[in-house]
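Trainee: I need the structure of the sequence given here:
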Amino acid sequence: MSLPAPTLHTTRLRLRPFDDADADDLFALHSSPYVLRYWDSPPWSERVRAERFIAACRQMAEGGTGARLAVDRDSDGAFLGWCGLSRWNPDYRSASLGYCFDDAAWGHGYATEAARALLGWAFDTLDLNRVQAETDTRNAASARVLEKLGFVREGTLREDCVVNGEVSDSWVYGLIRREWRPPS
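Mentor: You can find the predicted model right below:
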């Protein structure tokens, strides 16, 4: 079952399907050791990784397993990062939320705004009951984003990732449909 990636608009942002022209911006984002300091895979060192990521986004949509969207600032079209839902399971009415934003975009509420728009679309369009997200326990900013969205911390996955050669824990967050506060 195909899951066409939507184009969504918020007050300040446009979320849209990735296209090939995004490869340079995507590579710059994912090649930054600072941006990926809590990520469970190393920064990219080859631009071809961005091309593969974009192809994987298309395959995800075509395979009906999720939607990963580029996030641009509406005022100037600047690429800020991405926000996506993966592991969509229509039988369980569940999916996983993920996002990655350039450090210049941090602290402006963009991640929360983008994720809120994507969640609103997903709860309405995909009839989700549950969305799950995980974040490294050291990533307080990501935890704040999830909590602002209404996610509840449900537990800790002990030593589940190796980040920059260091074993780390992750927090698991869940958002249930009945607790969702749609964008106003």
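Trainee: what about C57, neighbour count?
Mentor: Using other C-beta atoms under 10 Å, C57 is surrounded by 24 other residues. Heads up, the C-betas are built off the backbone N, CA and C, glycines and all.
Trainee: am I right that it is in a strand?
Mentor: No. If the criterion is DSSP: H, G, I helix; E, B strand; the rest coil, then C57 is helix and not within a strand.
Trainee: so what's it up against?
Mentor: With contacts defined as C-beta atoms under 8 Å, 6 or more residues apart in numbering, C57 is in contact with 5, 17-18, 68, 84.
Trainee: so it versus E166, what's the distance?
Mentor: Separation of C57 from E166 (C-beta to C-beta, to the nearest Å): 29 Å.
Trainee: likewise V71?
Mentor: Using C-beta to C-beta, we find V71 at a distance of 29 Å from E166.
Trainee: who has more neighbours, the two?
Mentor: Neighbour count, other C-beta under 10 Å: between V71 and E166, V71 has more, with 29 against 8.
Trainee: got any ranges where the protein has weak pLDDT?
Mentor: Along the chain, segments meeting pLDDT under 70 span 1-2, 183-184.
Trainee: L128 touches A95, doesn't it?
Mentor: Yes. Between L128 and A95 a contact is recorded at 5.9 Å, counting by C-beta atoms under 8 Å.
Trainee: these two - which one has more neighbours?
Mentor: Using other C-beta under 10 Å, the more surrounded residue of L128 and A95 is A95, with 27 against 22.
Trainee: and the more buried one, what element?
Mentor: Following DSSP states H and E, one finds A95 within strand 94-101.
Trainee: what do L128 and A95 both touch?
Mentor: Common neighbours of L128 and A95, counting by C-beta under 8 Å, 6+ apart, are A122.
Trainee: coming back round to it: sheet partners, orientation included, of the strand holding A95?
Mentor: As defined by DSSP bridges, the strand partners of strand 94-101 come to strand 79-89 (antiparallel), strand 130-136 (parallel).
Trainee: residues in contact with the last one?
Mentor: The reference is to strand 130-136. Contacts of strand 130-136 (C-beta under 8 Å, 6+ apart): 38, 40, 85, 92-98, 119, 122, 142-143, 146, 151, 157, 161, 163, 168-177.
Trainee: can I have the buried ones of the residues you listed as a PyMOL selection?
Mentor: The PyMOL selection below is limited to those of the contacts of strand 130-136 classed as buried (16 or more other C-beta atoms under 10 Å):
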select buried, resi 38+85+94+95+96+97+98+119+122+142+143+146+151+161+163+168+170+171+172+173+174+175
